[in-house]
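Asker: Below is the sequence, then the predicted model.
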Amino acid sequence: MLKAPQQFIAIDIDGTLYDDHDHYNIQRFNHDLQALTNKNIQLIVATGNSYDAVQHIFRNSPDVDTFVAENGGRIIVNGQTVMAAVHQRAILQQLLTFISDHQLTPDLLSLSGATATHIAERFRDVPVPFYPHHNYFTSLSEINEPIYNLNINWFKQRPTLDRVLAVADNINKSFAGQVKATYSGAYGIDILPANVNKARGLNQLISRFYHQSLQNVTAFGDSSNDLEMIKEVGTGVAMLNATADLKLVAQRITKFDNNHDGLLQEIEDMYLN
């Protein structure tokens, strides 16, 4: 029987594992995952995506079973939520009003819940294949479960990164101490409960379940919602296609980008070859 892992690899999905068309090299990934398991290295998915989404994403990689989802707001091990940070209802309502009053006009607005993704009714015609369990709401009062994340996305309008970051900054200033808005890649912003980030979620997982520290983690990411994680782990690796702020704090940068298996190549070079 394998001992408890002493080394961990944490990977982001969008812009890191995924290419620009939301695909990954399933066969190569599964091969590398088995090789890491054989070397007693634990793979952890650290993502802004909901658990609903990651179940769909990794349907062809069933051995992936440990997630720091919702940018650290929800930790799932073997299908069970073991830790979570939940939005206060009053603040959620204020956020929805703020988005409307400031005419942010996203192309999609969704709330990540415990069992489903709740999408604003006005986006009913937007295809959401990455949310297999979803429904629609017109009022927050219709949702009767914990909410971990509010996501707004401009995937049709495709604004510049500076514009997206400016919106996130405005939200953080307007809700100081209440929420954390962070760029999540692919023209989106995740709005989380205050003090939630991937580093904090990873640390809770690693310390509670494995009695290890973030110094035992190598993490890979590509955008601003990976900043704390890349800064605080033992080895932080930015993708070649990463945002400039992330590259500044990373210890390594991958040789190849997300469209050329840059993540898997770096894992193989560092741990398997």
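Answerer: Now that the structure is in, tell me what you want to look at.

Asker: neighbouring strands for the helix or strand bottoming out on mean pLDDT in the chain, and are they parallel or not?
Answerer: None of the helices or strands of the chain scores lower by mean pLDDT, DSSP states H and E than strand 179-185, at a mean of 87. Strand 179-185 sits in its sheet next to strand 188-193 (antiparallel), going by DSSP bridges.

Asker: Follow the chain on from the strand it pairs with and name the next helix or strand.
Answerer: Downstream of strand 188-193, the first helix or strand assigned by DSSP states H and E is helix 198-210.

Asker: That next one packs against which elements?
Answerer: Packed against helix 198-210 by the contact rule (3 or more C-beta pairs under 8 Å, 6 or more residues apart in numbering; DSSP states H and E) you find strand 7-11, strand 41-46, strand 66-69, strand 74-77, strand 80-84, strand 217-221, helix 227-232. Every C-beta, even on glycine, is put in place using the N, C-alpha and C of the backbone.

Asker: low-scoring stretches of this protein, by residue?
Answerer: Scanning the chain for pLDDT under 70 picks out the ranges 1-3.

Asker: quick one on the thing from earlier: adding mean neighbour count and distance to residue 246, write the helices and strands packed on helix 198-210 out as a markdown table.
Answerer: Compiled in a markdown table, the helices and strands packed on helix 198-210 are given as follows (neighbours: other C-beta atoms under 10 Å; distance: least, C-beta to C-beta, whole Å):
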| stretch | mean neighbour count | distance to residue 246 |
| --- | --- | --- |
| strand 7-11 | 23 | 14 |
| strand 41-46 | 23 | 14 |
| strand 66-69 | 24 | 17 |
| strand 74-77 | 21 | 22 |
| strand 80-84 | 14 | 25 |
| strand 217-221 | 27 | 6 |
| helix 227-232 | 24 | 6 |
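
Asker: and of those, who's closest to residue 194?
Answerer: helix 227-232 (13.4 Å; C-beta to C-beta).

Asker: Can you name the secondary structure element that comes next after that closest one?
Answerer: strand 235-238.

Asker: So which residues make contact with the helix or strand following that next one?
Answerer: Using DSSP H and E, the helix or strand that directly follows strand 235-238 along the chain is helix 244-249. Contact with helix 244-249 is made by 221-224, 226-227, 230-231, 236, 238, 253, as judged by C-beta atoms under 8 Å, 6 or more residues apart in numbering.

Asker: Out of these, which two are the most distant from each other?
Answerer: 224 and 253 (16.1 Å).

Asker: Look at those two and report which has more neighbours.
Answerer: residue 224 (21 against 15; other C-beta atoms under 10 Å).

Asker: got the phi/psi numbers for the nearest residue to residue 133 once chain neighbours are set aside?
Answerer: Ranked by C-beta to C-beta, 6 or more residues apart in numbering and with sequence neighbours excluded, the top spatial neighbour of residue 133 is residue 116, at 4.4 Å. When read as degrees, to the nearest 10, the backbone of residue 116 gives phi -160, psi 170.

Asker: Pull the residues that contact the strand or helix carrying residue 150.
Answerer: Assigned by DSSP H and E, residue 150 falls within strand 147-153. Contacts with strand 147-153, where a contact means C-beta under 8 Å, 6+ apart, come from 48, 50, 69-71, 73-74, 84-87, 92, 95-96, 99, 104, 106-114, 118, 167, 184, 186-193.

Asker: now those: which count as buried?
Answerer: Neighbour counting by 16 or more other C-beta atoms under 10 Å classes 48, 50, 69-71, 73-74, 84-87, 92, 95-96, 99, 106, 108-114, 118, 167, 184, 186-193 among the contacts of strand 147-153 as buried.

Asker: quick one on the thing from earlier: just the buried positions in the strand holding residue 150, please.
Answerer: Buried, per 16+ other C-beta under 10 Å, within strand 147-153: 147-153.

Asker: Just give the strands next to it in its sheet, each with its orientation.
Answerer: Here, using DSSP bridges, strand 147-153 pairs with strand 108-113 (antiparallel), strand 188-193 (antiparallel).
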